[in-house]
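J.: Provide a 3D model corresponding to the input given below.
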Amino acid sequence: MKQIKLEKEATDSLLVGLNKAVETVKLTMGGRGRMIVLDTPGKTNPTSDGVKVLRHVAMTDKTEDMGVKTVLEVAERQVKECEDGTTSVSVLLQAIIKRGMKNITAGSNPIMIRRGIKKAAEFSVDVIDKMSKKIKRDSDEVRQIATVSAHGDSEVADLIVEAVNLTNEHSIVRAEETPHKGSYVEYVDGMKVGSGWLSPLFINNPEKMTCDFDEAYVLIYEGKIDNMRDILHLLEWVDQKKKKLVIVSDNMDGEVLSSLAINAQRGLKIAAINAFGFDRNDAKMRLEDLSIATGGKLVTPDLGHELVDVSPEDLGLCKKIIISEEQTIFEGGNAEEGALNKRIKEVETQLKDAKGKTSEEFVRGRLASISGGIGTIYVGGYVESDRSEKKDRVDDALGAVLCALEDGVVPGGGVSLIHAAGQLANLEADNEDEQIGINIFRDALEVPTHQILTNAGQKPDFIIEKIKDNKSSSYGYNVYNDTFCDMIKEGILDPAKVEKHVINNASTVAANFLNYAGTIAPPQPKN
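T.: Below is the predicted model of the structure:
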């Protein structure tokens with residue numbers, strides 16, 4: 001029989017798991033945050049990466065474990081959107097829920113409280129927007145953000161600055177581990193499309209939920225693959241020659257897809273994605289771009305091509321292909337340099353001639369995809385645990401920098417949230433309980449800074465009050481040298497996008513939590 005818990009019993013159990021998760025992850029927060037050691041097969045893995053810590057937290061009681069999953073859900077959403085801010089969003093979530101539950105227990109209307117929280121969150125996001133300052137790729141702020149996000153590691157900051165300088169606004173920048181002792185940055189031509197694996201059975205990297213292939217071939221077909229016999233000769237070649245193949249097509253019959261997925265599980269190095277485009281013409285153009293970028297042939301029925309006639313010589317080739325649920329990266333394609341440069345110039349001309357905003361956006365997207373290239377930060381170390389922990393910091397810092405380049409920066413250390421909290425005095429409520437919701441959110445916005453200061457061994461209440469008393473929106477506290485300062489001038493910055501998503505994600509999940517009336521969980525396993 002399933003476990004059914006109602007009202008207080010349900011929320012109390014959920015809070016046990018939620019609090020355990022947040023109390024664990026919040027120790028990593030801020031410039032003086034510490035690491036949590038994870039037990040992974042055959043090794044230990046020290047990390048300060050919030051979402052990685054949360055993925056390892058679990059409770060024996062199924063309802064309590066649902067509380068853990070509530071925190072993980074909001075952190076996963078945060079990392080998907082920003083690659084940074086996972087600990088902040090967890091801490092803010094807990095703070096809102098804790099204060100909300102206290103007021104609901106005292107008799108306040110949960111619906112009105114939720115409305116007040118949402119209204120306060122929207123208002124706070126607007127405040128952050130107005131505070132944000134745009135930055136350029138070659139600005140000092142890039143290094144400053146990377147340093148802060150990497151817990152003061154200047155080497156990590158140097159790597160990120162180098163990667164940003166090697167790439168442009170259209171590029172993909174990412175991090176990977178390398179067995180070498182040293183870390184370095186490498187740039188290669190590459191292309192990204194907005195289409196991911198068609199079946200999770202293609203996944204061969206469970207940690208990242210991706211299908212990763214080195215030296216992989218690409219079949220590019222403008223049409224629907226509805227008969228397995230049409231591509232059987234290519235699959236036999238892949239199997240016999242121990243090759244890897246990614247199939248890109250307009251569509252794929254369900255039985256064909258099932259057969260490919262089953263064969264992938266049996267060891268065949270195969271994966272499939274759909275073509276990507278905003279309309280049929282855009283998709284066709286992008287397939288042509290991909291064929292040129294990979295050195296392959298666009299197989300199209302419009303020109304009388306048949307799948308059964310495709311040979312290995314017609315396939316494109318890439319040094320690396322990474323397929324996630326939502327996108328695919330083709331890295332180091334076997335393109336003829338002259339043909340690729342000619343195609344880029346053609347797309348640039350098409351952009352100049354584009355008529356209408358929609359058409360311009362389509363062509364601009366293609367130009368970004370084909371001309372951006374890929375910058376990779378290869379993270380090395382003496383032992384695997386050292387590499388893994390350092391890569392976590394590179395991922396966080398890189399995510400922070402890319403968000404800052406996209407949407408600007410605000411004062412760091414949670415100071416922008418404290419400033420937003422102060423501005424909430426200007427927000428009017430429709431009734432008393434809605435005002436309680438606004439007050440709950442206002443007080444919760446101070447908690448991230450409180451935790452950063454706690455981890456630094458300081459007196460949070462005194463410091464926060466002094467920050468609030470100062471009229472400057474950038475006045476804060478530097479935990480590295482234990483002094484009050486202008487956070488902007490000191491280079492202690494947060495990406496505005498990260499802070500806005502922290503507010504939105506924490507408030508949304510917390511507001512839902514405050515309306516829970518019960519839980520249904522699987523039965524407890526017998527000892």
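J.: ok, the residue lying closest to L307 once chain neighbours are set aside to I247 distance?
T.: Of all residues not flanking L307 in the chain, D230 sits nearest, at 3.9 Å (C-beta to C-beta, 6 or more residues apart in numbering). The C-beta positions use only the backbone N, C-alpha and C, and glycine is treated the same way. According to C-beta to C-beta, to the nearest Å, D230 stands 11 Å off from I247.
J.: More neighbours: these two, which one.
T.: I247 (24 against 16; other C-beta atoms under 10 Å).
J.: what's the neighbour count on D138?
T.: Applying other C-beta under 10 Å, we find 10 residues neighbouring D138.
J.: so where does the closest residue in space to it that isn't next to it in sequence fall, helix or strand?
T.: Leaving aside its chain neighbours, D138 sits nearest to N165 (7.0 Å; criterion: C-beta to C-beta, 6+ apart). In this assignment (DSSP states H and E), N165 forms part of helix 154-166.
J.: name the helices or strands packed onto the next helix or strand after that helix?
T.: The first helix or strand that comes after helix 154-166 along the chain, using DSSP H and E, is strand 172-177. Packing partners of strand 172-177 (3 or more C-beta pairs under 8 Å, 6 or more residues apart in numbering; DSSP states H and E): strand 374-379, helix 384-407.
J.: related to what we said a few turns ago, any idea how far G375 is from the residue nearest to D138?
T.: Relative to G375, and taking C-beta to C-beta, N165 is found at 9 Å.
J.: Looking at these two, which one has more neighbours?
T.: For the pair N165 and G375, the greater number of neighbours falls to G375 (24 against 14), based on other C-beta under 10 Å.
J.: backbone phi and psi for V218, please?
T.: Backbone torsions for V218, taken as degrees, to the nearest 10, come to phi -130, psi 120.
J.: Bridged to it, which residues?
T.: V246, G316 (DSSP bridges).
J.: dump the residue contacts of it.
T.: Counting by C-beta atoms under 8 Å, 6 or more residues apart in numbering, V218 touches 245-248, 290, 294, 296, 315-318, 321, 330.
J.: what about the stretch 251-400 of the chain, any weak spots by pLDDT?
T.: Along the stretch 251-400 of the chain, the model assigns pLDDT under 70 to residues 357.
J.: one step back: which one of the helices and strands packed on strand 172-177 lies closest to N263?
T.: strand 374-379 (29.0 Å; C-beta to C-beta).
J.: which residues sit against the closest one?
T.: Strand 374-379 is contacted from outside by 159-160, 163-164, 166-167, 171-178, 180, 183-190, 329, 331, 387, 390-391, 394, 398, using C-beta under 8 Å, 6+ apart.
J.: Could you rerun that using 6 Å?
T.: Defining contact as C-beta atoms under 6 Å, 6 or more residues apart in numbering, one finds that strand 374-379 is touched by 159, 163, 166-167, 171-178, 183-188, 190, 331, 387, 390-391, 394.
J.: tell me the angle that strand makes with strand 172-177.
T.: Per axes from the mean of the first three to the mean of the last three C-alpha atoms, to 10 degrees, the angle that strand 374-379 makes with strand 172-177 is 20 degrees.
J.: what pairs with strand 374-379, and is each one parallel or antiparallel?
T.: With DSSP bridges as the test, strand 374-379 pairs up with strand 172-177 (parallel), strand 184-188 (antiparallel).
J.: what is the mean pLDDT for the first one?
T.: In this case it means strand 172-177. The average pLDDT within strand 172-177 is 88.
J.: Convert the C-alpha atoms of it to PDB, please.
T.: The C-alpha trace of strand 172-177 is given here as PDB (Å, rounded to 0.1, in the frame of the first residue of the first chain):
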ATOM      1  CA  ILE A 172      29.900  27.600 -27.900                       C
ATOM      2  CA  VAL A 173      32.200  27.600 -24.900                       C
ATOM      3  CA  ARG A 174      32.400  24.600 -22.700                       C
ATOM      4  CA  ALA A 175      34.600  22.600 -20.300                       C
ATOM      5  CA  GLU A 176      35.900  19.000 -20.400                       C
ATOM      6  CA  GLU A 177      38.300  17.000 -18.300                       C
END
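J.: Quick check: buried residues in it?
T.: Using 16 or more other C-beta atoms under 10 Å as the test for burial, strand 172-177 gives 172-175, 177.
J.: which one of those sits closest to G422?
T.: Looking across the buried residues of strand 172-177 and measuring by C-beta to C-beta, the closest to G422 is V173, at 35.5 Å.
J.: Bridged to the closest one, which residues?
T.: Going by DSSP bridges, V173 forms beta bridges with G375.
J.: Just list the residues touching it, thanks.
T.: Contacts of V173 by C-beta under 6 Å, 6+ apart are 163, 167, 375.
J.: what sits against the first one?
T.: When contacts are counted by C-beta under 6 Å, 6+ apart, A163 touches 173, 185, 375, 377.
J.: Tell me which helix or strand the residue most central in space within the chain sits in.
T.: Most central in the chain under C-alpha atoms, centre = their mean is K80, positioned 2.7 Å from the mean C-alpha point. Assigned by DSSP H and E, K80 belongs to helix 62-82.
J.: between that helix and helix 384-407, how many degrees?
T.: 60 degrees.
J.: Helix or strand next in line after helix 62-82, which one?
T.: helix 86-105.
J.: tell me which strands and helices the helix or strand that that next one is followed by is in contact with?
T.: Next helix or strand after helix 86-105 toward the C-terminus (DSSP H and E): helix 110-131. Under the contact criterion of 3 or more C-beta pairs under 6 Å, 6 or more residues apart in numbering; DSSP states H and E, helix 110-131 touches helix 415-423, helix 432-444, helix 496-513.
J.: nearest to S154, of the ones you listed?
T.: That would be helix 496-513 among the helices and strands packed on helix 110-131, by C-beta to C-beta, at 21.2 Å.
J.: ok and the closest one relative to helix 86-105, angle-wise?
T.: Using the same axes, to 10 degrees: helix 496-513 against helix 86-105 is 30 degrees.
J.: Return the distance of helix 496-513 from the chain's centre.
T.: Here helix 496-513 is found 15 Å from its chain centre; the criterion is C-alpha atoms, centre = their mean, to the nearest Å.
J.: Buried residues, that helix. List them.
T.: For helix 496-513, using 16+ other C-beta under 10 Å, the buried residues are 496-511, 513.
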